[in-house]
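# build me a structure from this.
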Amino acid sequence: MSTNSKQRVIVVGGGVLGVSSALCLARQGADVTLVTEGAPAAGASGRSLSWLNSARRRSPHYHHLRMLGIDRYRTLHAQLPDAAWLRFDGGLTWDPAERNDIAAVFAHEKAQGYDARLLAPDEVARFTPGINASAIPEQGAIFNPGEGWVDLPSLVAHQLAEFARLGGVLKAGTERANVEVKGGRAVGVRVGGETLGADAVLLATGSNVPACAAELGVQIPDSTPISLLVRTRPVDVPLRAVVNSPRASVRPAPGGVLVVDSWWSEEEVSVNADGSYAVRPETVNGLLRETSAILEGTPALELDGYGVGPKPIPGDGEPVLGALEGVPGCYVAFSHSGATLALIAGELLADEIVSGTPHPQLASFRAGRFRQDSRTSH
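Predicted coordinates for the structure are as follows:
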């Protein structure tokens, strides 16, 4: 139960981290206003592969947080078993034959207690359908049966419906919101000519978080690249798992479509002088060909559309979550793994904001670590 049911909180940002946090705050009885420049899920949340996982290598505390995130999705899946936008059908990954680290990755995952099976190419079909075995190198592939995927726009719509029932206020299509600071403390936000007062402000503006924090005197290193997510027209394939191959990552999506991305196609996106993005038809067509090559029967894939824009990634790759040191009343949520972390991050941030007490699960993810790193390096 909230310690202060009248606490006023403004959440800035309509992506999944902002919406999840706003909903968790409303569940705790806070008076919550969610402010977003565009439509909800119109930014990075609308162009995410949204693979739910903690695969491969990362720090122990980050792995732990991701596992908590998957746990919360498992709970939601148990509540909504028929939701077409949240599935747990596993994940499959393999490395290129010439730079293959799959055996070491498998050993690491097993040492972590992460559910993983190392499969020879001809074994894959027994565990997950729809894969072209000839695309997998002789070193094999890892199948992680506990992984899944979520369609973030569908999740955000589901959360906003509950948010509205709880009395939350959504202000979409606004001008840019700026944190209002008085006496060194965040006291609300300025939106256009209007000032909205609050006891706490959460910045969950995706790739804009570092710039917003810099205005408050807090530096958050930023490694945000440009992402490209391609969506196919409906196609009859038996694929269920999320697949991460060297040249394409793909998963099913509601309506029988596939969503696809890759590292190399993102590198081919260019930025125009006006800040818009240029995506070459050759890049999109090449990505569709690479995806077809890893699917059983190499089906013809037709483009339905694509999303392009910044993919939030902090400078050291790990999330930045929680209170901003030196700016009481201001909190941030900035992470590459927004899909996997959305539910748990919203829950922990809401607990910290409502209680006013730092949450121990967020101790490793505060922005202050960068200042400490800077001091250590001199």
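# please count neighbours and contacts with C-alpha atoms only from this point.
Will do.
# residue ranges with poor pLDDT in this protein?
Across the chain, residues meeting the criterion (pLDDT under 70) sit at 1-5, 372-378.
# tell me where it has helices.
Chain-ordered helices for the chain, with DSSP state H as the definition, fall at 16-27, 60-79, 102-111, 124-127, 152-165, 209-215, 263-267, 281-293, 338-355, 368-377.
# the third one packs against which elements?
Spelled out, that is helix 102-111. Of the remaining helices and strands, those touching helix 102-111 by 3 or more C-alpha pairs under 8 Å, 6 or more residues apart in numbering; DSSP states H and E are strand 117-119, strand 141-144.
# about what we covered before: got JSON lines for the helices of the chain, with mean neighbour count too?
As requested, the helices of the chain are exported to JSON lines (neighbours: other C-alpha atoms under 10 Å):
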{"stretch": "helix 16-27", "mean neighbour count": "28"}
{"stretch": "helix 60-79", "mean neighbour count": "17"}
{"stretch": "helix 102-111", "mean neighbour count": "16"}
{"stretch": "helix 124-127", "mean neighbour count": "15"}
{"stretch": "helix 152-165", "mean neighbour count": "17"}
{"stretch": "helix 209-215", "mean neighbour count": "18"}
{"stretch": "helix 263-267", "mean neighbour count": "16"}
{"stretch": "helix 281-293", "mean neighbour count": "18"}
{"stretch": "helix 338-355", "mean neighbour count": "24"}
{"stretch": "helix 368-377", "mean neighbour count": "11"}
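# I'd like these as TSV, with distance to S227 appended.
Shown next, in TSV, are those (distance: least, C-alpha to C-alpha, whole Å):
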stretch	distance to S227
helix 16-27	17
helix 60-79	21
helix 102-111	25
helix 124-127	29
helix 152-165	16
helix 209-215	17
helix 263-267	5
helix 281-293	13
helix 338-355	14
helix 368-377	25
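# how many other residues sit next to the nearest residue to V105 once chain neighbours are set aside?
Spatially, and ignoring its direct neighbours in sequence, V105 is nearest to R56 (5.7 Å; C-alpha to C-alpha, 6 or more residues apart in numbering). Taking other C-alpha atoms under 10 Å as the criterion, the count of residues near R56 is 16.
# hang on, R56 packs against A111?
No: between R56 and A111 no contact is recorded; they are 11.3 Å apart, counting by C-alpha atoms under 8 Å.
# circling back: which of the helices and strands packed on helix 102-111 sits closest to P360?
Using C-alpha to C-alpha as the measure, strand 141-144 is the one of those that comes nearest P360, at 28.8 Å.
# just checking, D122 touches A133?
Yes: shown here, D122 and A133 form a contact pair, counting by C-alpha under 8 Å, at 6.2 Å.
# so for the two, which residue has more residues nearby?
Using other C-alpha under 10 Å, the more surrounded residue of D122 and A133 is A133, with 19 against 13.
# quick one: contacts of stretch 192-207?
With contact meaning C-alpha atoms under 8 Å, 6 or more residues apart in numbering, stretch 192-207 is reached by 7-15, 17-18, 44, 174-177, 179-180, 186-190, 209, 212, 224, 310-313, 329-335, 353.
# filter these to the buried ones?
Neighbour counting with 16 or more other C-alpha atoms under 10 Å marks 7-15, 17-18, 44, 177, 179-180, 186-190, 209, 212, 224, 310-313, 329-335, 353 as buried within these.
# for P252, which non-adjacent residue is spatially closest?
Excluding its sequence neighbours, the residue lying closest to P252 (C-alpha to C-alpha, 6+ apart) is L258, at 4.6 Å.
# likewise for W51?
What sits nearest to W51 in space, not counting adjacent residues and going by C-alpha to C-alpha, 6+ apart, is W149, at 4.6 Å.
# the one you found: neighbour count?
26.
# repeat for A204
By other C-alpha under 10 Å, the residues close to A204 number 27.
# the residue nearest to P252 and R27, how far apart?
34 Å (C-alpha to C-alpha, to the nearest Å).
# cool, R176 as well?
With distances defined as C-alpha to C-alpha, the gap from R176 to R27 amounts to 26 Å.
# before we move on, back to that, which ones are touching the residue nearest to W51?
Going by C-alpha under 8 Å, 6+ apart, W149 touches 49-52, 85-88, 242, 251.
# name the member of these with the most neighbours.
For the contacts of W149, counting by other C-alpha under 10 Å, the largest number of neighbours falls to V242: 30 neighbours.
# wait, that one touches G91, no?
Yes: V242 is in contact with G91 according to C-alpha under 8 Å; the separation is 4.6 Å.
# what sits in contact with each of those two?
What both V242 and G91 touch, as defined by C-alpha under 8 Å, 6+ apart, is the set G148.
# run through the residues that contact the residue nearest the centre of the chain.
With distances taken as C-alpha atoms, centre = their mean, the residue of the chain nearest its centroid is G338 (2.1 Å). For G338, the residues meeting the contact criterion (C-alpha under 8 Å, 6+ apart) are 16-17, 45, 50.
# so what's D122 up against?
A133 are the contacts of D122 under C-alpha under 8 Å, 6+ apart.
# how near is it to V235?
24 Å.
# and for V308?
Taken as C-alpha to C-alpha, the spacing of V308 relative to V235 amounts to 22 Å.
# of those two, give the one with the bigger neighbour count.
Taking other C-alpha under 10 Å, V308 and V235 do not tie; V308 has more neighbours (21 against 15).
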